[in-house]
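> I'd like to go over a predicted model; first the sequence, then the structure.
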Protein chains: 4
Amino acid sequence: MNVQSETADKRKAILETTLELIRQYGLQGTPISLIAKNANVAAGTIYHYFQNKEAIITELHNVIREEMLAEMFTEKNEGKDFRSQFFSGWTNLCRYFIANPGSLIFIQQYNSAPHFKGIKKKNNKIPVDKFSEFFQSGMDNGYLKKMEYNLVASVVFGAIMATAKYHITGRFDYTDQDLCKIATIIWDGIKLQ
Amino acid sequence: MNVQSETADKRKAILETTLELIRQYGLQGTPISLIAKNANVAAGTIYHYFQNKEAIITELHNVIREEMLAEMFTEKNEGKDFRSQFFSGWTNLCRYFIANPGSLIFIQQYNSAPHFKGIKKKNNKIPVDKFSEFFQSGMDNGYLKKMEYNLVASVVFGAIMATAKYHITGRFDYTDQDLCKIATIIWDGIKLQ
Amino acid sequence: MNVQSETADKRKAILETTLELIRQYGLQGTPISLIAKNANVAAGTIYHYFQNKEAIITELHNVIREEMLAEMFTEKNEGKDFRSQFFSGWTNLCRYFIANPGSLIFIQQYNSAPHFKGIKKKNNKIPVDKFSEFFQSGMDNGYLKKMEYNLVASVVFGAIMATAKYHITGRFDYTDQDLCKIATIIWDGIKLQ
Amino acid sequence: MNVQSETADKRKAILETTLELIRQYGLQGTPISLIAKNANVAAGTIYHYFQNKEAIITELHNVIREEMLAEMFTEKNEGKDFRSQFFSGWTNLCRYFIANPGSLIFIQQYNSAPHFKGIKKKNNKIPVDKFSEFFQSGMDNGYLKKMEYNLVASVVFGAIMATAKYHITGRFDYTDQDLCKIATIIWDGIKLQ
DNA sequence: AATGAATGAGCGTTCATTCAT
DNA sequence: TATGAATGAACGCTCATTCAT
């Protein structure tokens, strides 16, 4: 058990170190040698846990996507009315990125670098279903204007990324109240008038 | 004069080639040697026109920002009412990115890679003035809800980037009508009810 | 005893696996990790049976040389006349290599790579005695031209290696009859006219 | 011109250095870094002249094959009778390998390492024509026994390689006279009795 | 102004070997 | 006896940058 947890720790340490380094130096600015050094393992050890650098990146991507989903669709929301679910989902995800700047920077770089050498995104499918289902139900139940899901998505997710980005880069410090105001803007834009 | 224009041409060719290559291969996937080859100059020649790779990137950034500003605040709009100015400004910029995917990819990569090796952004100030003045005037004149400029900016620009990104990556083909619908969502969110 | 035979089995499995892998991937293309995997042992286990990779190679070399000797000087031949002994010895060894391509590839790579990293051949002496005694007896008894043993060896062994190599690499499929014809060429060349 | 010859020199130096190092350390024991050091160039410079390590190997192979052909079919032989052509061709090639041990070791390693990592032989066709034509003409004109070309080739080329190998590895010092004796063995074996 | 040969630090990755369990 | 995680030197190769011409 001790061994197992140590093993798990090493794998986890590599992932966490990588994410932190990517936050600081970017995807390309994070060589394996630096990951090894900061995770206190030998470079070769990394290849014991991951096939190559791409595999680390891919795994980080999957982990972060799971976390994002969990933030938006937390169990606490299940009984709430649609508007409340939207507000808490939106602000939760935004807060998640603000609290985990590494995740935001990672996602942005991952998405904006479709041609990074050695990083071929294979499964780029977005788990649209959960999101689109949520908004679709909002339209069906008379909370939202009727429109294509993709039009809503542009505004909703674009605003999350931009807000968190502005916050992280120090352009503006968004308080919780500010996040609610932004969510209100969006809500006013998408709700059935 | 002939010499001067040739010089200007060569400089321009380097910039344009670089942007096109970045569109195809990304910021990191575009070595100087490839720029030289595609721009039909020697690698060393590039260093006559630019101090280093970073200088090319910086200049491209400035160029693209000028173009973005020009799209949003075209002279044609000057006499129009506020709402029309917002709509044409927003859709123009969105269309600009859709028509110039290189610019979008460049901006996204540039912004999401704050620490790329050899690329240290020195002047990261956004020329907030023109944008913020525009929205401020909207609030002062009773068109928009009163709120911090940065809250509006998150939604407005976040939606532009996301929309163009979704379009370029093939996730969804936004028609002109779709762009208007998105602009309407945003307008409904920010306008004074 | 069970333990002993298991031990012997494991050792044998390592050697056999190594030879098969060398046939497929060559001396350099056969890492210890692959040997371990294919022999169903842990990498560390190999170092219980062999001091290092070189020791495996050296042992394989010795094994193959024993097999080669056994093929050439089989007991069946002992009563035969000199010419028959030559023919069956030559064709047997040739057939051995054709039937055991791994042995041929191993011997060729081993002999042609005198300085492979970590492989320093210490005892490169060829057990000339048995071969040279055989040919010497042929000369003494008036079957062969009188000449230095090494001159004969060049032709006899060179032809064996070349024939088996051509066969294995698919350049030409030598039938048993073909092998006899080649042996005849050599015999006609070395016999006392 | 000075520049050109210097450039040519550098390329040539890389090839010659590589061949010499392969003679000493083998194909796998010759890293690019060592070639660079011994050829007095930077490692990166090698990639200015050759696409990769494989390209150096391939070029060396082509060069050596040309030299081998030139040795066997020198113009001096053209008027001679068949037997003399055979003798001078055989001994010339043998002497070539003895005088250029690097070529022999290279050819042996190249041929015996079909799976060396990063070395995929593409054009492995043997220019059989010239050789087979020569021997065919010998059969047609009544100098040689009638038989498949490949049977002759095994003996003729096998003996060359083995003889040169024995000589180079110090197993036996073959004099010119010895080479003639070996050629005589082969001739007696293939000639029409 | 323009070239492109040359550099060498740095990259991702491999692998023989060790050693705590 | 057996394991396999861990090591780190070494590999082939890339690329931003320099400089003699």
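Thanks, I have the structure now.
> From here on, just use CA atoms for contacts and neighbour counts.
OK.
> quick one: A:Tyr110 from D:Gln193, how far?
For A:Tyr110, the distance to D:Gln193 equals 78 Å [CA to CA, to the nearest Å].
> let me fix that: A:Leu144
From A:Leu144 to D:Gln193 the distance is 103 Å (CA to CA).
> Those two: who's more crowded?
Taking neighbours as other CA atoms under 10 Å in any protein chain shown, A:Leu144 and D:Gln193 compare with A:Leu144 leading, 22 against 9.
> so the more buried one makes contact with A:Lys191?
Yes - between A:Leu144 and A:Lys191 there is a contact under CA atoms under 8 Å: 4.1 Å.
> Can you identify each of the helices in chain A by residue range?
Along chain A, counting by DSSP state H, helices occupy A:2-25, A:32-38, A:43-49, A:53-72, A:82-99, A:101-112, A:128-140, A:149-168, A:176-190.
> And DNA strand E, is the third one touching that?
Which is helix A:43-49. Yes - judged by CA under 7 Å from any atom of the strand, helix A:43-49 comes into contact with DNA strand E at A:Ala43, A:Gly44, A:Thr45, A:Tyr47.
> who in chain A is up against DNA strand E?
Residues of chain A lying near DNA strand E (CA under 7 Å from any atom of the strand): A:28-33, A:43-45, A:47, A:51-54, A:118.
> for chain A, what are the low-confidence residue spans?
A:1-8, A:114-128 (pLDDT under 70).
> give me that answer again for 80
A:1-8, A:75-78, A:113-129 (pLDDT under 80).
> Give me the domain ranges for it.
What automatic domain parsing lists as the domains of chain A is A:1-50, A:61-190.
> As JSON lines, those with distance to DNA strand F would be great.
Compiled in JSON lines, the domains of chain A are given as follows (distance: least, CA to the nearest atom of the strand, whole Å):
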{"stretch": "domain A:1-50", "distance to DNA strand F": "3"}
{"stretch": "domain A:61-190", "distance to DNA strand F": "8"}
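> State the phi and psi torsions of A:Glu148.
phi -60, psi 140 (degrees, to the nearest 10).
> ok, it to A:Ser132 distance?
10 Å.
> Who's the closest spatial neighbour of A:Thr163, skipping the chain neighbours?
Sequence neighbours aside, B:Ser154 is the residue nearest to A:Thr163 in space, at 5.1 Å (criterion: CA to CA, 6 or more residues apart in numbering or on different chains).
> And A:Met139, by the same measure?
In space, and not counting its chain neighbours, A:Met139 is closest to A:Lys146: 5.6 Å by CA to CA, 6+ apart.
> I'd say that neighbour and A:Gly138 touch.
No - if you go by CA under 8 Å, A:Lys146 and A:Gly138 don't touch, sitting 9.0 Å apart.
> Between those two, which has more neighbouring residues?
A:Gly138 (20 against 16).
> isn't the more buried one right up against A:Phe82?
Yes - the criterion here is CA under 8 Å, and A:Gly138 meets it with A:Phe82 at 6.8 Å.
> Tell me the spacing between the residue of chain A found nearest chain C and A:Ile56.
Residue of chain A nearest chain C, by CA to the nearest CA: A:His48 (12.1 Å). A:His48 sits 12 Å away from A:Ile56, going by CA to CA.
> Which one's more surrounded, the two?
A side-by-side neighbour count of A:His48 and A:Ile56, using other CA under 10 Å, places A:Ile56 first with 20 against 10.
> residues touching the more buried one, list them.
Neighbouring residues of A:Ile56 by CA atoms under 8 Å, 6 or more residues apart in numbering or on different chains: A:Leu15, A:Phe50.
> give me the residue from chain A nearest DNA strand E.
Closest approach between chain A and DNA strand E, counting by CA to the nearest atom of the strand: A:Pro31, at 3.1 Å.
> any residue of stretch A:94-114 up close to chain B?
Yes - Stretch A:94-114 comes into contact with chain B (CA under 8 Å from any CA of the partner chain), by way of A:Ile105, A:Gln108, A:Gln109, A:Ser112, A:Ala113, A:Pro114.
> What residues sit buried inside stretch A:82-98?
Using 16 or more other CA atoms under 10 Å in any protein chain shown as the test for burial, stretch A:82-98 gives A:82, A:85-98.
> cool, stretch A:51-67 as well?
A:Glu54, A:Ile56, A:Ile57, A:Thr58, A:Leu60, A:His61, A:Ile64, A:Arg65.
> how many other residues sit next to A:Gly142?
Around A:Gly142 there are 13 other residues, counting by other CA under 10 Å.
> so it makes contact with A:Gln136?
No - contact criterion CA under 8 Å: A:Gly142 and A:Gln136 do not qualify, at 10.0 Å.
> Next up, the contacts around A:Leu27.
Counting by CA under 8 Å, 6+ apart, A:Leu27 has contacts A:Phe106, A:Gln109, A:Tyr110, B:Ala113.
> just the buried members of those?
Using 16+ other CA under 10 Å as the burial test, these include A:Phe106, A:Gln109, A:Tyr110, B:Ala113 as buried.
> Against C:Tyr110, how distant is the closest residue to A:Trp187 other than its chain neighbours?
Excluding its sequence neighbours, the residue lying closest to A:Trp187 (CA to CA, 6+ apart) is B:Gly189, at 6.8 Å. For B:Gly189, the distance to C:Tyr110 (CA to CA) stands at 78 Å.
> Over to A:Glu71?
Distance from A:Glu71 to C:Tyr110, counting by CA to CA: 61 Å.
> which residues sit in contact with A:Ile57?
By CA under 8 Å, 6+ apart, A:Ile57 has no neighbours at all.
> my bad, A:Glu71
A:Glu71 is in contact with A:Gly89, A:Asn92, A:Leu93, A:Tyr96, counting by CA under 8 Å, 6+ apart.
> Contacts only, for the second one.
The contact partners of A:Asn92, taken as CA under 8 Å, 6+ apart, are A:Glu71, A:Met72.
> can you check the first one too?
Counting by CA under 8 Å, 6+ apart, A:Gly89 touches A:Glu71, A:Met72, A:Phe73, A:Thr74.
> Separate out the buried members of those.
For these, buried by 16+ other CA under 10 Å: A:Glu71, A:Met72, A:Phe73.
> Excluding sequence neighbours, find me the nearest residue to the second one.
Nearest non-adjacent residue to A:Met72, counting by CA to CA, 6+ apart: A:Gly89, 4.2 Å away.
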